[in-house]
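Trainee: Kindly return the folded structure for what I paste below:
(chains A and B)
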Number of protein chains: 2
Amino acid sequence: MQVDQRPIAVFDSGLGGLTVVRELRRRLPCEDIVYFGDTARVPYGTKTPETVLRFTRENCAFLLRMNPKCIVAACNTASAVCLPGLANELPVPVFGVVAPGAAAAVEAVGAGGLIAIIATEATIGSNAYKNAVFQIDTRPAVVQVACPLLVPLVEEGLDESNAIVELTLERYLGPVRRLSPAVVVLGCTHYPMLRGALASFFGKSVVLVDSASSTAEAVASTLGDSGVLVGAARNGRLHCYVSDNPRRFQTVGSRFLGESIHDVVRVCPEELACGRLSLGRTRASA
Amino acid sequence: MQVDQRPIAVFDSGLGGLTVVRELRRRLPCEDIVYFGDTARVPYGTKTPETVLRFTRENCAFLLRMNPKCIVAACNTASAVCLPGLANELPVPVFGVVAPGAAAAVEAVGAGGLIAIIATEATIGSNAYKNAVFQIDTRPAVVQVACPLLVPLVEEGLDESNAIVELTLERYLGPVRRLSPAVVVLGCTHYPMLRGALASFFGKSVVLVDSASSTAEAVASTLGDSGVLVGAARNGRLHCYVSDNPRRFQTVGSRFLGESIHDVVRVCPEELACGRLSLGRTRASA
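Mentor: Below you'll find the model as predicted:
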């Protein structure tokens, strides 16, 4: 087996992508991971495709400096808006979260079943999940719902069953529940934090597809098939970079990651945007 | 009276500052106004002081190209974090929203009364309102509460009395209401959109200080005293620039402004950040 010591690079608009990192570390514990969270410009989900593409290009340019074996766009909005187009511009394989989530949804939905996609405004506006489902199978019915308040609710720590969360789910998803979907796709990396509340809301008969988990599965299996894993029994390291507020990333991010974050370095947003990509001056260490 | 045709320049992280523009246009209907909303990088309220200062400097550099007679930082976070320091760097007078709001609160609070400041995390973290109150009068008691979810709730259009808004107000402000404040300062330019809900929540005996209105009053009176108003009976024009999504700015912004927005030009965020400040390619016209 070929040994490839290069890290897996992962980015998101903020800290939601850490739910993908959590799943990657569960499946590939020996791999090094470099994470970039664009916390100075978060959120992406309410911004236009042109702006999301510009930011995503800059994030990838930064990560390429780390000589990664691949890049994971652990951001549904960036995946939906920029892939597969952006993949052609980059010298390493790029994984998004949309295609694996759509594949898992198609696999889970029975004949005549309905797939409900819930995501940010930009992801829903792109129709990326719907198109990805129909590329695999044109038979399932698909409904899509934008839920803009769910990200701020999760960021505020309202991830447990809570009256504000319940009312917000009812507001966005009441009409969808009445259609009795067979599968609900969590099309935003923040939403796994609401998994319990969503499971209660939709009931036991609904399959919740977590695109973070499906993506990690796809990355692990593709890298394994290509023979580019580390191939040594060791603990993979995680290095995190953010464009703003490393302290908050450490505190809130640890909840998303399910383990403590030890090392976060701030990257200058100004240099990111100008292509003068060097490391910033602020470091938050645990 | 001296005639000064130069526009009044106003900026905010997004569209909240339009509540200040609405109050300015009510008081100074003949003045031209140039507005910049940094919608590609909104919100500022959850970001660090260094990042807010960087963005604010870039916004002011852009507005100075319009040859304004003054700049209004219609953003509580930017005012709290960057003023008065930034004013010394700029060649025109700069008005913030914090000092006028604090002055109005001190004027409204009676002897022994309590002032409650409600605002974003960054504004509260800066202690700017509290410090501004104590610079005028050290006698009032001051409490401060960060309410991060209120901006997304307003942006989502939940500005009327609504169960989600009520529960969120109870969550953040229940403990403050039990302290029976005499004055509540709306320390974020989005909050005037929740004025009705806040008035019901706190009851009739509480004075709500709207810093948007206090700021417009301060700008009008200072410019009038300096003799730099247009001095002609005509309808002042409003030109708006944003760093992303001019269509959404037009639609949602009109609610904030209380009148239709006719002309919004997008400015390239990349050029903003690099100091290469030219106008973008996207224009949304009504």
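
Trainee: Which residue, other than its chain neighbours, is closest to the closest residue to chain B within the stretch 51-200 of chain A?
Mentor: Taking C-beta to the nearest C-beta as the measure, the stretch 51-200 of chain A has residue A:152 as its residue closest to chain B, at 4.1 Å. No exception for glycine: its C-beta is placed from N, CA and C like everyone else's. With C-beta to C-beta, 6 or more residues apart in numbering or on different chains as the measure, residue B:152 is the residue that lies nearest to residue A:152, at 4.1 Å, once sequence neighbours are left out.

Trainee: For that neighbour, pull up the helix or strand it's in.
Mentor: For residue B:152, the enclosing helix or strand under DSSP states H and E is helix B:150-155.

Trainee: How far does that helix sit from its chain's centre?
Mentor: 14 Å (C-alpha atoms, centre = their mean, to the nearest Å).

Trainee: so what does that helix touch, helix or strand wise?
Mentor: Secondary-structure packing of helix B:150-155 (3 or more C-beta pairs under 8 Å, 6 or more residues apart in numbering or on different chains; DSSP states H and E): helix B:163-177.

Trainee: Tell me the helices and strands packed up against the helix it packs on.
Mentor: Using 3+ C-beta pairs under 8 Å, 6+ apart as the contact test, the elements touching helix B:163-177 are helix A:163-177, strand B:114-119, strand B:141-146, helix B:150-155, helix B:195-202.

Trainee: Neighbouring strands - and their directions - for the third one?
Mentor: Strand B:141-146 has these partner strands in its sheet, going by DSSP bridges: strand B:114-119 (parallel).

Trainee: after the strand it pairs with, next one along is what?
Mentor: Using DSSP H and E, the helix or strand that follows strand B:114-119 towards the C-terminus is helix B:121-126.

Trainee: And for that next one, what's in contact with it?
Mentor: Counting contacts by C-beta atoms under 8 Å, 6 or more residues apart in numbering or on different chains, the residues outside helix B:121-126 that touch it are B:44-49, B:52, B:76-77, B:80-81, B:98, B:117, B:129, B:144-146, B:148, B:187-188.

Trainee: again, only using 10 Å
Mentor: If you take C-beta atoms under 10 Å, 6 or more residues apart in numbering or on different chains as the criterion, helix B:121-126 is touched by A:245, A:248, B:43-49, B:51-52, B:75-82, B:97-98, B:117-120, B:128-130, B:144-148, B:187-188.

Trainee: For PyMOL, write a command that selects the buried ones of the residues you listed.
Mentor: Buried members of the contacts of helix B:121-126, defined by 16 or more other C-beta atoms under 10 Å in any protein chain shown, are picked up in PyMOL with:
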select buried, (chain A and resi 245+248) or (chain B and resi 43+44+45+46+47+48+51+52+75+76+77+78+79+80+81+82+97+98+117+118+119+120+128+129+130+144+146+147+148+187+188)
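
Trainee: Which members of the contacts of helix B:121-126 are positioned in helices?
Mentor: A:248, B:49, B:51-52, B:76-82, B:98, B:128-130 (DSSP state H).

Trainee: ok, of the residues you listed, which one's closest to residue A:194?
Mentor: For residue A:194, the closest of the ones in helices among the contacts of helix B:121-126 turns out to be residue A:248, at 19.8 Å, with distances computed as C-beta to C-beta.

Trainee: quick one: contacts for the closest one?
Mentor: If you count contacts by C-beta under 10 Å, 6+ apart, residue A:248 has them with A:14-15, A:39, A:155, A:242, A:264, A:284, B:46-48, B:121.

Trainee: now residue A:235
Mentor: A:25, A:29-30, A:32.

Trainee: Buried ones among those?
Mentor: Under a neighbour-count criterion of 16+ other C-beta under 10 Å, the subset of the contacts of residue A:235 counted as buried comprises A:25, A:32.

Trainee: and which of the contacts of residue A:235 is nearest to residue B:218?
Mentor: Ranked by distance to residue B:218 (C-beta to C-beta), those are led by residue A:25 at 53.6 Å.

Trainee: and the closest one, helix, strand or coil?
Mentor: The assignment at residue A:25 comes out as helix when based on DSSP: H, G, I helix; E, B strand; the rest coil.

Trainee: these two touch, right, it and residue A:33?
Mentor: Yes: using C-beta atoms under 10 Å, residue A:25 and residue A:33 qualify as a contacting pair, with a distance of 7.0 Å.

Trainee: Tell me who's in contact with the closest residue to residue A:192 other than its chain neighbours.
Mentor: Of all residues beyond its chain neighbours, the one nearest residue A:192 is residue A:19 (4.7 Å), with distances taken as C-beta to C-beta, 6+ apart. For residue A:19, the set of contacting residues under the criterion of C-beta under 10 Å, 6+ apart consists of A:12, A:74, A:97, A:186, A:188-193, A:195, A:210-213, A:215-216, A:256-258.

Trainee: Local confidence estimate at residue A:19?
Mentor: Note on residue A:19: pLDDT of 96.

Trainee: and it, how far is that from residue A:35?
Mentor: In this structure, residue A:19 lies at 12 Å from residue A:35, with C-beta to C-beta, to the nearest Å as the measure.
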